[in-house]
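In: Attaching a predicted model along with its sequence, questions to come.
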Amino acid sequence: MASQLLPLNEQEVSRSSDAHQCPKFSVKLLARHGNSLLVTLIQIVAALPLWSKWVPAIALSVLFLAAGPALPWFIGKYAWTGKDFQEVLGPSLLGAAVFVAAFQCLQLWSVCRIWMLSIPATFLCRELHFAGTGTGVYVAIIAIVWFGSVNSTRLRPVWNCRNVCGCWFGAACVYALAVSVDSGVWKFLPNAVWWSVNLEETLESIGHSLILAGTLCAAVIVDRQDRGKRIKSHEIKTHG
């Protein structure tokens with residue numbers, strides 16, 4: 001009996017040691033995946049067009065102008081920067097982007113088209129103020145980035161387009177600045193009580209317009225690539 005129990009005990013020890021090793025392997029795998037994601041993001045940012053790299057500087061310039069000479073633009077209920085107008089314009093821009101991306105998905109269901117749809121749809125949900133969208137949008141952005149990293153090969157046609165990445169990078173920068181204004185980070189600037197709400201709404205609309213522009217560019221690229229694949233497949237079938 002002792003000789004029979006010994007191998008079982010050894011198996012249990014080996015299983016327990018394997019069980020202890022699994023989390024270490026998972027951590028290493030997660031760290032490796034995180035490194036590859038960071039490298040991918042650095043490559044994308046490095047390849048951005050020059051105009052998109054100026055977007056953060058321009059957005060900050062608008063912020064400081066709002067506290068000075070441009071103050072009259074950002075006050076008044078019926079001004080073009082007013083909250084009433086911007087709360088209609090912003091969701092309309094995102095709605096147009098969702099419509100374009102959804103139409104692409106209806107034509108052909110693919111990873112590229114689903115990813116294109118997820119970006120404007122996430123921000124549209126936040127603009128429509130569903131319950132939980134305040135923090136849910138940040139969880140969704142993390143999920144979108146993770147999904148994009150996992151499917152980086154399939155999304156290569158979109159990521160290889162500098163204008164698409166430039167539009168979405170610019171949108172991210174402008175939107176981050178809008179969130180910082182809403183959080184009161186810039187309340188030390190002169191007359192922040194007067195212009196902060198209107199400036200935040202205006203910056204969000206600018207970000208939404210960049211999301212729409214990026215979605216339109218991506219739709220053209222993906223549609224062109226899929227059409228080329230269909231033509232090539234048809235030629236192979238015909239000549240084969």
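Out: Good, I have the coordinates.
In: Please count neighbours and contacts with C-alpha atoms only from this point.
Out: Will do.
In: tell me the phi and psi of the closest residue to residue 162 other than its chain neighbours?
Out: Of all residues not flanking residue 162 in the chain, residue 48 sits nearest, at 5.4 Å (Cα to Cα, 6 or more residues apart in numbering). Phi and psi for residue 48, reported as degrees, to the nearest 10, are phi -70, psi 150.
In: Where do the domain boundaries of the protein fall?
Out: 1-46, 49-239 (automatic domain parsing).
In: of all those domains, which gets the most neighbours per residue?
Out: domain 49-239 (a mean of 17; mean count of other Cα atoms under 10 Å).
In: Report the rounded mean pLDDT for it.
Out: The pLDDT scores in domain 49-239 average 87.
In: In terms of helices and strands, where is the closest residue in space to residue 71 that isn't next to it in sequence?
Out: Leaving aside its sequence neighbours, residue 71 sits nearest to residue 195 (Cα to Cα, 6+ apart; 6.8 Å). Assessed by DSSP states H and E, residue 195 sits inside helix 192-239.
In: all helices for this protein, in order.
Out: Ranges of helices in the chain, per DSSP state H, are 2-46, 50-53, 55-66, 83-107, 111-127, 133-150, 156-159, 162-182, 192-239.
In: Mind putting the ones you listed into TSV with distance to residue 77?
Out: As requested, the helices of the chain are exported to TSV (distance: least, Cα to Cα, whole Å):
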stretch	distance to residue 77
helix 2-46	38
helix 50-53	31
helix 55-66	16
helix 83-107	7
helix 111-127	20
helix 133-150	25
helix 156-159	40
helix 162-182	18
helix 192-239	9
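In: Relative to residue 161, how far out is residue 200?
Out: Counting by Cα to Cα, to the nearest Å, the gap from residue 200 to residue 161 is 29 Å.
In: same deal with residue 187?
Out: 38 Å.
In: Just give me how far stretch 157-173 sits from the chain centre.
Out: 10 Å (Cα atoms, centre = their mean, to the nearest Å).
In: no no, stretch 117-128
Out: Using Cα atoms, centre = their mean, the offset of stretch 117-128 from its chain centre is 10 Å.
In: cool, stretch 153-160 as well?
Out: 14 Å.
In: Between the two ends of it, how far is it?
Out: End to end - Cα to Cα - stretch 153-160 spans 11 Å.
In: quick revisit: which one of the helices of the chain lies closest to residue 74?
Out: helix 192-239 (5.1 Å; Cα to Cα).
In: Against which helices or strands is the closest one packed?
Out: helix 55-66, helix 83-107, helix 111-127, helix 156-159, helix 162-182 (3 or more Cα pairs under 8 Å, 6 or more residues apart in numbering; DSSP states H and E).
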